[in-house]
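[1] fold the following.
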Amino acid sequence: MKNLFILLFPQKEYVAGYFTEEDISLFNDCIRKRYIEKGYDFCIATFKNSNMGIVSLKPHIIVNANITFGESSPYTCKNWKYADFKNLAEKVDVDKYANIAVGGFHCYDCVEKFANEIYLTNPNVIIDTDLTELFRNAYRYEESFNIEKFNLNLKLKRVYSDGYIPLETLERLQEKFQKPIWGISSKVLKFLEKIIQKEKENNITKEQ
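    As a prediction, the model looks like this:
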């Protein structure tokens, strides 16, 4: 069975004023080196009537959502709505792949919802958080960034060790990362629990 990388909703509007042309070029290079050159099929999932957006690579598969970009945005549509991600997963035929990675826009919204839907059919799916709106910060500022390989576990250990993430954020991430779609190891989850416990103890000490 083959593997698959899906890029969800690569609209230029999502990165306008944020990604530079250099960022977009490197974004495409990352897809190519991480996935296409390793034999993955490459799928783009677009809004209805949208083009390939920021993608300059040739996809193996293109599927269209049941809504337009305008219908998905609260800024342009009073009765905005989410795409039918179950239908989108069916169009991709996700059950025929051994492993699936998902990127796109936006990481903790549509990408997460889409990956959750894929998981119901094929549990071998993870979110590549680098290949989302988080890409620019990842490659510019994170020592763990590797253009050829995604390792969220390594990234999280380094980020959490820095000690600047608020306790509320840590607890929210801990709850979120229990889901298999994030690919977080039990070792890293235990590490996160220790960091949270340490932060709670520090807060108690400050209050005394």
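[2] quickly list the domain ranges of this structure.
    Per automatic domain parsing, the structural domains of the chain span 3-149, 151-208.
[3] next, format those domains as a markdown table and append mean pLDDT.
    Below are these laid out as a markdown table (pLDDT from 0 to 100):
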| stretch | mean pLDDT |
| --- | --- |
| domain 3-149 | 96 |
| domain 151-208 | 83 |
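[4] does the residue nearest the centre of the chain count as helix, strand or coil?
    The residue lying closest to the centre of the chain (CA atoms, centre = their mean) is residue 129, at 3.6 Å. Using DSSP: H, G, I helix; E, B strand; the rest coil, the structure places residue 129 in strand.
[5] I'd like the distance between the closest residue to it other than its chain neighbours and residue 39.
    The shortest distance from residue 129 to any non-neighbouring residue, by CB to CB, 6 or more residues apart in numbering, is to residue 107 (5.6 Å). All C-beta spots, glycine's among them, are computed from the backbone N, C-alpha and C. As judged by CB to CB, to the nearest Å, residue 107 and residue 39 stand 25 Å apart.
[6] how much space between the residue lying closest to residue 15 once chain neighbours are set aside and residue 110?
    Excluding the flanking residues, the one nearest residue 15 by CB to CB, 6+ apart is residue 54, at 6.1 Å. For residue 54, the distance to residue 110 equals 16 Å [CB to CB].
[7] before we move on, what about residue 68?
    Using CB to CB, one obtains 14 Å as the distance from residue 68 to residue 110.
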